[in-house]
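> can you look at this prediction? I've put the sequence above it.
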Amino acid sequence: MGLFDKLAGWLGLKKEVNVLCLGLDNSGKTTIINQLKPANVNMTNIFIGFSLFYFCSLSFTVFDMSGQGRYRNLWEHYYKEGQAIIFVIDSADKLRMVVAKEELDTLLNHPDVKHRRIPILFFANKMDVRDALSSVKVSQLLCLENIKDKPWHICATDALKGEGLQEGVDWLQDQIKTMRT
């Protein structure tokens, strides 16, 4: 970070936000990030990729965390630095909805997340797939109504077409701005 970037940060002109993008493998996390980031940002995603992009006055650094079972235990090393979470669910994968709920419960009960009012954006992805569950049904299966101490929002999305993503990012941006004022 250069001197002018630091000065802008001190003056409150530039707000940097670390966002964790979590979810099971094949849920669409990387596709969503690729839809959101500017075309000129190049990201290599081996285990944990990250992208830096801007929305209005916010600078988002998004950490795309691997959702494969053997790597999910690495998520917790990033919780402390995360200021917002995007949790992506494959709405067409009914069999692994229970696993997604278990991972969400583990996240919500982790000491670095549990006592913080960190906004969580849920993307109920793959709405283009026949027989995909609605965002309301995904919300019910994940028991999102039980999240009382954190702002959360769920959006039905089709990451391949980019549908539903802007609504979610707008909500997340509003939450972050509210938290910083």
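Cool, got the structure. Numbers count the residues shown, from 1 in each chain.

> wait, doesn't residue 36 sit right on residue 169?
Yes: using C-beta atoms under 8 Å, residue 36 is in contact with residue 169, at 6.5 Å. Any C-beta I mention is one placed from the backbone N, CA and C, and that applies to glycine too.

> contacting residues for the closest residue to residue 175 other than its chain neighbours?
Here the nearest residue to residue 175 in space, its sequence neighbours aside, is residue 119; by C-beta to C-beta, 6 or more residues apart in numbering that works out to 3.8 Å. For residue 119, the contact set (C-beta atoms under 8 Å, 6 or more residues apart in numbering) comprises 84-85, 150-153, 172, 175-176, 179.

> let me know the closest of the residues you listed to residue 129.
Within the set of the contacts of residue 119, residue 153 lies nearest residue 129; the separation is 21.8 Å, counting by C-beta to C-beta.

> doesn't residue 17 lie inside a helix?
No: Residue 17 is assigned strand when assessed by DSSP: H, G, I helix; E, B strand; the rest coil, not a helix.

> got the phi and psi for the closest residue to it other than its chain neighbours?
Distances taken as C-beta to C-beta, 6+ apart place residue 83 nearest to residue 17, at 5.0 Å, with adjacent residues excluded. Residue 83 has phi and psi values of phi -110, psi -10 when expressed as degrees, to the nearest 10.

> and if you look at residue 123?
Dihedral angles for residue 123 - degrees, to the nearest 10 - are phi -110, psi 110.
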